[in-house]
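# below are the sequence and a predicted model; questions follow.
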Amino acid sequence: MRVYHLTSAMSLTFLDEDAKDLIFYNEDLKCKDRAELCQIHADWKSKCYEPKHVLRCNEEKVRPIRDYVDDQNPLVRAAAILALGALGELAVDHVDAVAKMLNSSQDVVREAAMRALGAFGELAVDHVGAVAEKLGPGNDVSERIAAMEALAAFGEVARPYVDVIKGIFVDSNKQPWGITKPGLLALGALGELTKERVDTIAEGLGSFRADLACEQMSVFGAFGELVKREHIKTIVQIMSGGRSNAGAAVKALGAFATIVQEEDVDVVVNTLKNTTNTELKKDAMNTLSAFGELARNHEEALEEIKKNIQDRDHRVQLTALQAFGKLTKDDDPSPSVLTTIFDLAANASRHIARRDNLFTVGEALRALGNFRKVPEGYEKPWDFVAEQLKNGDSYIREAATEVLGKFGKLAKEHVDKVAERLDDPSYSVRLAAIKALGNFGEHSLRHWRKVVAKLGQEQHNVWVYAREREKLGFAVGYALKKMLTFR
């Protein structure tokens, strides 16, 4: 791939017609955004939207995140480290700085460094050994889990350390439960899973703790060639046979979406058709949504889900909307279904006392996010959704913000409204706004400073859970990356 270092005196007409090169605007252009550049080079105006990827003076925008790595608050440092990992090649100059954090005195910082190095992948190959050292039993469980996840992300270059990972299964009874699943994932990523290990875990499907076996089996979804049909059939039976382990079975079946067969879909659809049990209905629809294309093409699956959108029980409605949203793409929706969803979403503009109804409204908004084409006579879904950004309930605002991001550039006229949600009273809405602005790509670049600033502003609000630090850090990094690289 060629990299052009452009100056303000250069013409851009030399670009190939398909313009698939990576372009870097250097200091001579003073980091002008693309719109300004097109004004400078009038002869390129017709090509302004053709390059596959363009990086614009990214270091001035990455550097503030790097500065947060030196913040006095370890929680801010952790989030900033994760953001650098999410930036990938845009933050390649800071890989070594992240690696140094493996020796931090703060466990949250060490864990963040491992996850970030895993996100860097091959860019951080020189630090694989340092990550592998964290696998030892003398380290905290959460650190060992982070190390295994990072090694799985490294792939082939981590193979010399596979025996260390295998060691956690020598006497699994003495190992903390939480370490088993990432260990299995790491072995799978490194090509070290065996049919014998899968069969051993599958034996637990017939026990009174089938839920644990199902959870472990779900790991093997990405390695379908190791899973026998009899295992899949057993999990289907668990899902359709009763409530005690159905939830875990649903997750396992979802993981096997690429290897299930039409007969499995038949069983789940029949379960949905014939049960009156609310929870079992929900489990069946969640399973069908996880099946993806197989369920979408099934003769009855989508129709059964549509019927449940109008169920009297709001919990069934909610799950049906979620499933329907996952199974529909850019297809033209039928007027009857679209009318139902619009009507449910419209409840957001009324006073609703019951919180559970608000959840249904939120999912109706999310379902609208799947439609790029609507029948004549309906307003554009993104305009309808944008009206809910200032709804009095945070759940509705979060759903609306998330959905506008899902529409992406179709809803670009609402970018500034979404950016206002960065100051929303609710953290979940603020997080949704960060992600949504990333999905708007270059159209939200003017808000990059506010997005990056969230790394330093959120430490007083959401630092109770480690996963929230991870969500925020990665969200900021991915958002900035999407703003700086575009199609």
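Okay, I see it.

# what does the helix or strand harbouring residue 96 contact?
Using DSSP states H and E, residue 96 sits within helix 95-100. Helix 95-100 is touched from outside by 66, 69, 81, 84-85, 113, 116-117, 120, 123-124, 126-127, 130, with contacts defined as CB atoms under 8 Å, 6 or more residues apart in numbering. For the C-beta atoms, the positions are set from N, CA and C on the backbone; glycine is no exception.

# one more: stretch 161-169?
Under the criterion CB under 8 Å, 6+ apart, residues 128-129, 132, 135, 148, 151, 175, 179-180, 183, 186-187, 190, 192, 197 lie in contact with stretch 161-169.

# avg pLDDT for it?
Mean pLDDT, stretch 161-169: 78.

# picking that back up, any chance of the contacts of helix 95-100 in TSV, plus distance to residue 165?
Compiled in TSV, those are given as follows (distance: CB to CB, whole Å):
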residue	distance to residue 165
66	31
69	29
81	23
84	26
85	21
113	19
116	20
117	16
120	20
123	22
124	18
126	20
127	17
130	16
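
# greatest separation within the residues you listed: which pair is it?
Farthest-apart pair in the contacts of helix 95-100 is 66 and 130; separation 19.6 Å (CB to CB).

# now do the closest residue to residue 129 other than its chain neighbours against residue 468, distance only.
Once flanking residues are discounted, residue 129 sits nearest to residue 161: 7.9 Å by CB to CB, 6 or more residues apart in numbering. With the distance defined as CB to CB, to the nearest Å, residue 161 ends up 30 Å from residue 468.

# also residue 103?
Distance, residue 103 to residue 468, using CB to CB: 24 Å.

# between those two, which is the more surrounded one?
The neighbour comparison of residue 103 against residue 468 (other CB atoms under 10 Å) goes to residue 468, with 18 against 10.

# quick one: average pLDDT of the helix or strand containing that one?
Remark: residue 468 resides in helix 466-484, with elements defined by DSSP H and E. The pLDDT scores in helix 466-484 average 86.

# report the buried residues of that helix.
466, 468-484 (16 or more other CB atoms under 10 Å).

# likewise for stretch 405-421?
405, 406, 407, 408, 411, 412, 414, 415, 417, 418, 419, 421.

# nearest to residue 245, of these?
Residue 245 lies nearest to residue 406 out of the buried residues of stretch 405-421, by CB to CB, at 32.9 Å.

# next, give phi and psi for that closest one.
When read as degrees, to the nearest 10, the backbone of residue 406 gives phi -70, psi -40.

# tell me the confidence at it?
Residue 406 is assigned 86 on the pLDDT scale.

# pretty sure it sits against residue 435.
No - between residue 406 and residue 435 there is no contact under CB atoms under 8 Å: 9.5 Å.

# wait, is the residue nearest to residue 129 part of a helix?
Yes - applying DSSP: H, G, I helix; E, B strand; the rest coil, one finds residue 161 inside a helix.

# and it, how close does it get to residue 140?
18 Å.

# what's the answer for residue 212, then?
Taken as CB to CB, the span from residue 212 to residue 140 is 23 Å.

# higher neighbour count, the two?
Of the pair residue 212 and residue 140, residue 212 is the one with more neighbours under other CB under 10 Å, namely 17 against 12.

# low-confidence ranges in this structure?
1-57, 168-178, 208-209, 222, 241-244, 247, 329-364, 367-379, 459-467, 486-487 (pLDDT under 70).

# domain-wise, how is it divided?
For the chain, automatic domain parsing gives the domain ranges 3-56, 261-327, 333-487.

# quick one: distance of the second one to the chain centre.
In terms of CA atoms, centre = their mean, to the nearest Å, the centre of domain 261-327 is found 23 Å from the chain centre.

# check stretch 408-425 too.
19 Å.

# quick check: end-to-end length of it?
24 Å (CA to CA, to the nearest Å).

# now do stretch 421-430
Stretch 421-430: ends 6 Å apart by CA to CA.

# I'd like to know how many residues surround residue 391.
Per other CB under 10 Å, the neighbour tally for residue 391 reads 19.

# residue 213 versus residue 402, what's the distance?
Here residue 402 is placed at a distance of 34 Å from residue 213 (CB to CB).

# before we move on, what about residue 161?
Following CB to CB, the distance that separates residue 161 from residue 213 is 28 Å.

# which one of those two has more residues nearby?
More neighbours surround residue 213 than the other of residue 161 and residue 213, with 24 against 21 (other CB under 10 Å).

# next structured bit after the helix holding residue 96?
helix 107-120.

# so which elements touch that next one?
For helix 107-120, the contact count by 3 or more CB pairs under 8 Å, 6 or more residues apart in numbering; DSSP states H and E identifies helix 74-87, helix 95-100, helix 128-132, helix 141-154, helix 466-484 as packing neighbours.

# in that helix, what's buried?
Neighbour-count burial for helix 107-120, counted by 16+ other CB under 10 Å, picks out 107-120.

# what does it contact?
Against helix 107-120 from outside (CB under 8 Å, 6+ apart): 74-75, 77-79, 81-82, 84-86, 88, 91-92, 95, 98-99, 101-104, 124, 127, 131, 134, 140, 142-143, 146-147, 149-154, 466, 469-470, 473-474.

# how is residue 72 assigned, secondary-structure-wise?
Assigned state for residue 72: coil (three-state reduction, three-state DSSP).

# report the buried residues of the helix or strand where residue 321 lies.
Using DSSP H and E, the element containing residue 321 is helix 314-327. Going by neighbour count (16+ other CB under 10 Å), the buried part of helix 314-327 is 314, 316-327.

# go on, stretch 449-457?
Of the residues in stretch 449-457, 450, 451, 452, 454, 455 count as buried by neighbour count, 16+ other CB under 10 Å.

# turn those into a markdown table, columns for distance to residue 396 and secondary structure.
Formatted as a markdown table, the buried residues of stretch 449-457 follow (distance: CB to CB, whole Å; DSSP: H, G, I helix; E, B strand; the rest coil):
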| residue | distance to residue 396 | secondary structure |
| --- | --- | --- |
| 450 | 22 | helix |
| 451 | 23 | helix |
| 452 | 27 | helix |
| 454 | 22 | helix |
| 455 | 27 | helix |
